[in-house]
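Asker: Predicted model and sequence follow; I will ask about them next.
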Amino acid sequence: MYLTPEQSKRYQQYEEFVIENIKPHAAELDAKGMFPSDETIKKLADAGFFNILFPKEYGGQDLETLAYIMAVETTAKYCASTSILVSAQNSLVGYPFLHFGTDEQKKKYVTGLANGSLIGAFALTEYAAGSDAAKQETTAVADGDYYVLNGTKRFITNAEHADVYVVMAMTDKSQGNHGITAFIVEKGTPGFTFGKKEIKMGIRGSVTGELIFKDCRIPKENILGEVGKGFKIAMETLDCGRLGVAAQALGIAEGALEETIKYVKQREQFGKFISQFQNTQFELAEIATEIEAAKTLLYTTCKMKDEGVRYSKEAAMAKMYCSQVANDAARRCLQLFGGCGYTTEYPLERMMRDAKITEIYEGTNEIQRIVISANLGLK
Ligand code: CAA
């Protein structure tokens, strides 16, 4: 896909950083289920991976959306686990603070998210509120200058490794999705603890766990946006987050293709390199084309966001398509590795495991189809 010289340079700079600082740890994070180290987090922050879309006054770089996408994509090419940290910081947490926070909240939290001194988390999902996100059972009841939170959030990316959380809770059940409010909750607030940590198939270097609120008192100044606007805040945030998941998926697909091209040029069978078999060539031709199509869809959607055009449908399409491409590419590339691809000697088996989550989180691909079809004028 055509990129301006500046965009190409940025992609290359991000990739060089990731190869030097992230790639060497990818296999270990996966094997041990380890969160990226404080040193890695500091390096990512210093290299400008956390503050791409934030305005300069809050320590950001104020770059185009494509820069955020490239940061996630290049990270995912070598370590999908670390890429979701980059995505969440910029989108799932950065977006709601920037677009709905007061100036005071932005100064307090966005600057910290930008420089990596604060890790953020976005808490929407619950046991009964997965795809049906409006069915929030966590409650927030007004009590003087406070709201009292009770409930459990699950599948929360960054879980106990975060410092600040955007938490959705029901403030008025009778209002349905209009009764949901977003709260800022800091780690260490009395009544806020962590529960089960998930053991996952992939992205094992990203921590996913429960947040438990038991009579947790949150000052009213920690409401993010307006009372009753939490669902819209969550949906808008997810539009931006879904671009990040699409970028993660695209990066995984690109990583799988690159590894496979290297491998087939040195693996000999029947007296020639397997790159010389037409099956290999045709498989890789198809995968490369799918990747190019995914990239074009995703990069074009970034422009819509920058132009201020509603891009919910295109974000859903990009997330759905890129994640399908990632799973298809990882599976077919692994097949070209034969038995070697099934072992941890090569990253293909990790890529295949990591790819699966991109079809599930930040809205399953079935939810993306709901969003897309709702925008096709069928009613
Ligand atoms: N932007 C702004 N507003 C939006 C919106 C958007 N993208 N999408 C919907 N809305 C608004 C609608 O306009 C509507 O407003 P009104 O009530 O004022 O008319 C309101 O929200 C409700 O819309 P719907 O009737 O379409 O809502 P719904 O209850 O039918 O649900 C859904 C729609 C698309 C299925 C939604 O529930 C959804 O996206 N579910 C999936 C949730 C999800 O992605 N969860 C992932 C959590 S994050 C994660 O994965 C963990 C992690 O940390 C990585």
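Answerer: Perfect, thanks for sending it. Residues are numbered from 1 along each chain as shown.
Asker: where does Phe194 fall, helix, sheet strand or coil?
Answerer: When the structure is split into helix, strand and coil by DSSP: H, G, I helix; E, B strand; the rest coil, Phe194 lands in strand.
Asker: That one reaches Phe213, doesn't it?
Answerer: No - Phe194 lies out of contact with Phe213 (C-beta atoms under 8 Å); the separation is 10.9 Å. C-beta coordinates here come from the backbone N, C-alpha and C atoms, glycine included.
Asker: What residues does the protein have near the ligand?
Answerer: The chain has residues 92, 122, 124-125, 131, 133-134, 155-157, 177, 231-232, 235-236, 238-239, 312, 361-363, 367, 370-371 near the ligand, with proximity defined as C-beta under 6 Å from any ligand atom.
Asker: filter these to the buried ones?
Answerer: Neighbour counting with 16 or more other C-beta atoms under 10 Å marks 92, 122, 124-125, 133-134, 155-157, 177, 231-232, 235-236, 238-239, 312, 361-363, 367, 371 as buried within those.
Asker: Which one of Phe194 and Phe213 is surrounded by more residues?
Answerer: Under the criterion of other C-beta atoms under 10 Å, the comparison of Phe194 against Phe213 puts Phe213 first, with 26 against 16.
Asker: Could I get the pLDDT score of the more buried one?
Answerer: For Phe213, the pLDDT comes out at 98.
Asker: coming back round to it: just the residues of the chain next to the ligand: which are in strands?
Answerer: When the residues of the chain next to the ligand are checked against strands (DSSP state E), the matches are Phe122, Phe155, Ile156, Thr157.
Asker: Return the two entries of those residues that lie farthest from one another.
Answerer: When these are compared pair by pair using C-beta to C-beta, the farthest-apart members prove to be Phe122 and Phe155, with a separation of 10.7 Å.
Asker: How far off centre is stretch 5-13?
Answerer: Distance, stretch centre to chain centre, for stretch 5-13: 22 Å (C-alpha atoms, centre = their mean, to the nearest Å).
Asker: what pLDDT does the closest residue to the ligand within the stretch 51-200 of the chain get?
Answerer: Of all residues in the stretch 51-200 of the chain, Thr157 sits closest to the ligand, with a separation of 3.3 Å (C-beta to the nearest ligand atom). According to the prediction, Thr157 has pLDDT 98.
Asker: who's in contact with the residue of the stretch 201-350 of the chain found nearest the ligand?
Answerer: Residue nearest to the ligand within the stretch 201-350 of the chain (C-beta to the nearest ligand atom): Met235, separated by 3.3 Å. If you count contacts by C-beta atoms under 8 Å, 6 or more residues apart in numbering, Met235 has them with Ala133, Ser312.
Asker: Show me which residues of the helix ranked longest in the chain are buried.
Answerer: With DSSP state H applied, the helix covering the greatest number of residues in the chain is identified as helix 230-264. Of the residues in helix 230-264, those with enough neighbours to count as buried (16+ other C-beta under 10 Å) are 230-257, 259-261, 263-264.
Asker: Which SSE is immediately downstream of it?
Answerer: Scanning the chain past helix 230-264 towards its C-terminal end, the next helix or strand to appear is strand 268-269 (assignment: DSSP states H and E).
Asker: what separates that next one from the chain centre, distance-wise?
Answerer: Per C-alpha atoms, centre = their mean, the displacement of strand 268-269 from the mean C-alpha position of its chain is 39 Å.
Asker: ok, Asp163 - how many residues close by?
Answerer: Considering only other C-beta under 10 Å, Asp163 is surrounded by 16 other residues.
Asker: quick one: contacts for the nearest residue to it once chain neighbours are set aside?
Answerer: The shortest distance from Asp163 to any non-neighbouring residue, by C-beta to C-beta, 6 or more residues apart in numbering, is to Leu118 (4.6 Å). Remark: with contacts taken as C-beta under 8 Å, 6+ apart, Leu118 is in contact with Tyr109, Gly112, Asp163, Val164.
Asker: ok, the first one - contacts?
Answerer: Listed by C-beta under 8 Å, 6+ apart, the contact set of Tyr109 reads Phe97, Gly101, Leu118, Gly120, Val164, Ile184.
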